[in-house]
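Novice: Give me the fold of what follows.
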Amino acid sequence: MSTWRDDPNAIPPWNERPKCHCGFRTWLQVWTDPLPQGKKGCRFFKCPDIDDDFKACTFMQWIDTRPLGRVSLKEEQERRVRQQQIRLKGKEDELKRRRAELGQREAALKIQEEQFQVREAQFKREAEEQKNRYKEPAQSSTTDERNKKGKFLRFTQ
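Specialist: The predicted model follows:
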């Protein structure tokens, strides 16, 4: 993410501009004179000189140490490589964080699945036990009735 200090076409926010000796926020200007050598095209802050007392304020603060328009091809390539490395490192860190988060989620899901299987097995056992409870008395009563009928039939014959 570039800031106004890196972008020659950007204008800094008003609250980030320094105040001159008069107490006013400074204006942003670009040096157009050939002297001092190497400063043409550099940005600087200058007093707006809007005081009514007709005193000249000489406040000036350079933003750029060299014109932003004149960067060698090698410097520009190195800058781009550094920016790409920073972006790549950020993406790697984000990927590492997401993998760790995914691992935690998978572990939590595995625990939930195991708990679900335990509960499911418990419900099945309880259902089977309940089924057997109601089945046993019914079987014994019908068995008793059959035995009684069988004995009764034997005696009557």
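Novice: For the rest of this, base every contact and every neighbour count on C-alpha atoms.
Specialist: Fine.
Novice: how about the strands in the chain?
Specialist: With DSSP state E as the criterion, the chain has strands at 27-30, 43-46, 60-62.
Novice: Against which helices or strands is the last one packed?
Specialist: Put plainly, it is strand 60-62. strand 43-46 (3 or more Cα pairs under 8 Å, 6 or more residues apart in numbering; DSSP states H and E).
Novice: The strand it packs on pairs with which strands?
Specialist: Each strand paired with strand 43-46, and its direction, by DSSP bridges: strand 27-30 (antiparallel), strand 60-62 (antiparallel).
Novice: Arg25 - how many residues pack around it?
Specialist: Other residues near Arg25 come to 18 when the count uses other Cα atoms under 10 Å.
Novice: ok, it touching Cys47?
Specialist: Yes. Look at Arg25 against Cys47 with Cα atoms under 8 Å: they come within range, at 7.3 Å.
Novice: Now the common contact residues for the two.
Specialist: With contacts defined as Cα atoms under 8 Å, 6 or more residues apart in numbering, the residues shared by Arg25 and Cys47 are Lys19.
Novice: quick revisit: just say which of the strands of the chain is most tucked in.
Specialist: Of all those, strand 43-46 carries the top mean neighbour count, a mean of 20, counting by mean count of other Cα atoms under 10 Å.
Novice: What mean pLDDT does that one get?
Specialist: Throughout strand 43-46, pLDDT has a mean value of 84.
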